[in-house]
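1. Provided below for reference: sequence and predicted model.
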Amino acid sequence: MNWLTKAIKFGEKIKKVLRKRPSKEDIANSDWTSCCKGPILKKDLENNLWVCNLCGKHHRISCRQRFDIIFGKNSYQILESPIPTEDPLNWVDTKSYKERLKIARKKTNQNCAVMIAKGKINGIEVTAGAINFDFIGGSVGAAEGEAIIYGVQHAIDNQTPYLFFPCGGGQRMFESTIALANMTRTTLAINELKNNNLPYIVCFTDPTAGGITASFAMLGDIHFAEPGCLIAFAGKRVIQATVKEELSSDFQTAEFVEKHGFVDRVIQRKDLQEEIGKLLSILLRKNSDIHLENLNENSETDIQTREAS
């Protein structure tokens, strides 16, 4: 056997290995995912609310998983929002927009990126909304804007607080100015919520950027954030190129944004239900066992801890 024959056989072995590489679908349907230290069982992540127990990374989750954590499994009702005309611009690039919507719906089991639900937190009726990043990057188009506004209207009609978990890169380019118009529409809707003296609480999740940050996501009465999540408008590299300065490694993280006053508090996912419940009890003056004095003491302790660190 000469060297050429050996080389050909070796090449055939490499081809066999490459053919056996798992597809994206195989990876998505497997029992494993990856994190800081390599492979990790999805079941272990799920049991820890999709937070890595080694590095504390808060993995992205779906809207239903979010509502399971906030309200409890099978303790909430999904509200069906109206879906406007699809693909009004007949957008086509490497794929048609209609095809992208079809793929996203099959992947997420949602009609659009935004899902609205109603349930109870600490015995208080709450209208909640969330964005699924797996639906075309959580981008906001006409359907998503309509869903957000539908959630606001439901909160006003039923006199409930509105809780929202934003996530995504901004407005959907496939809908052009129609998507951009929803920045204004959602902003006006949130103003109506405030005109009715109803609390609007926002909890930033990873990543929240672009037109989402520049509209309804930054209009909350209280802003919470999950640890380590990206909160930005323009990207870090764009800003670095503009200001001609090196930016810190934690730039645009929840912790950095909290230090600069754009977020009121960074909260672990496991504590969100309890903390939001306490806040709503105070804002709505329910549950007399929770007092403002206790909240002030906790806030002062948090400030002293941050200053010491």
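-> Nice, I can see it. Only a predicted model underlies this, so the values are computations on that prediction, with no experimental measurement involved.
2. what are the contacting residues of stretch 174-191?
-> Stretch 174-191 is contacted by residues 87-89, 91, 97, 100, 136, 139-142, 144-145, 148-149, 152-153, 171-173, 200, 211, 214-216, 219 when judged by C-beta atoms under 8 Å, 6 or more residues apart in numbering. From N, CA and C alone the C-beta is placed, and that goes for glycine too.
3. buried residues in it?
-> Applying a neighbour-count criterion of 16 or more other C-beta atoms under 10 Å, one finds 174-175, 178-180, 182-183, 186, 189-190 buried in stretch 174-191.
4. of the contacts of stretch 174-191, which belong to strands?
-> If you go by DSSP state E, these have residue 200 in strands.
5. re earlier: now intersect the buried residues of stretch 174-191 with the helices, please.
-> When DSSP state H is applied, the buried residues of stretch 174-191 are split such that 178-180, 182-183, 186, 189-190 fall in helices.
6. isn't residue 214 right up against residue 231?
-> No: at 11.6 Å, residue 214 does not count as touching residue 231 under the criterion of C-beta atoms under 8 Å.
7. so these two - more neighbours on which side?
-> More crowded of residue 214 and residue 231, by other C-beta atoms under 10 Å: residue 231, with 25 against 15.
8. all helices for the stretch 101-250 of the chain, in order.
-> Taking DSSP state H, counting those that start in this stretch, the helices of the stretch 101-250 of the chain run over residues 142-158, 176-195, 210-213, 236-243.
9. select, out of these, the one closest to residue 277.
-> The closest of those to residue 277 is helix 142-158. By C-beta to C-beta, the value is 16.9 Å.
10. which ones are touching residue 32?
-> Residue 32 sits in contact with 39-42, where contact means C-beta under 8 Å, 6+ apart.
11. can you tell me which of the residues you listed are buried?
-> Neighbour counting over the contacts of residue 32 (16+ other C-beta under 10 Å) leaves residue 40 as the buried ones.
12. which two in the contacts of residue 32 are spaced the farthest apart?
-> Longest distance between any two of the contacts of residue 32 is 10.1 Å, between 39 and 42; criterion C-beta to C-beta.
13. shared neighbours of the two, anything?
-> Shared contacts of residue 39 and residue 42, defined by C-beta under 8 Å, 6+ apart, are found at 32-33.
14. turn the buried residues of stretch 174-191 into JSON lines, columns for pLDDT.
-> Compiled in JSON lines, the buried residues of stretch 174-191 are given as follows (pLDDT from 0 to 100):
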{"residue": "174", "pLDDT": "94"}
{"residue": "175", "pLDDT": "95"}
{"residue": "178", "pLDDT": "94"}
{"residue": "179", "pLDDT": "95"}
{"residue": "180", "pLDDT": "95"}
{"residue": "182", "pLDDT": "96"}
{"residue": "183", "pLDDT": "97"}
{"residue": "186", "pLDDT": "97"}
{"residue": "189", "pLDDT": "97"}
{"residue": "190", "pLDDT": "97"}
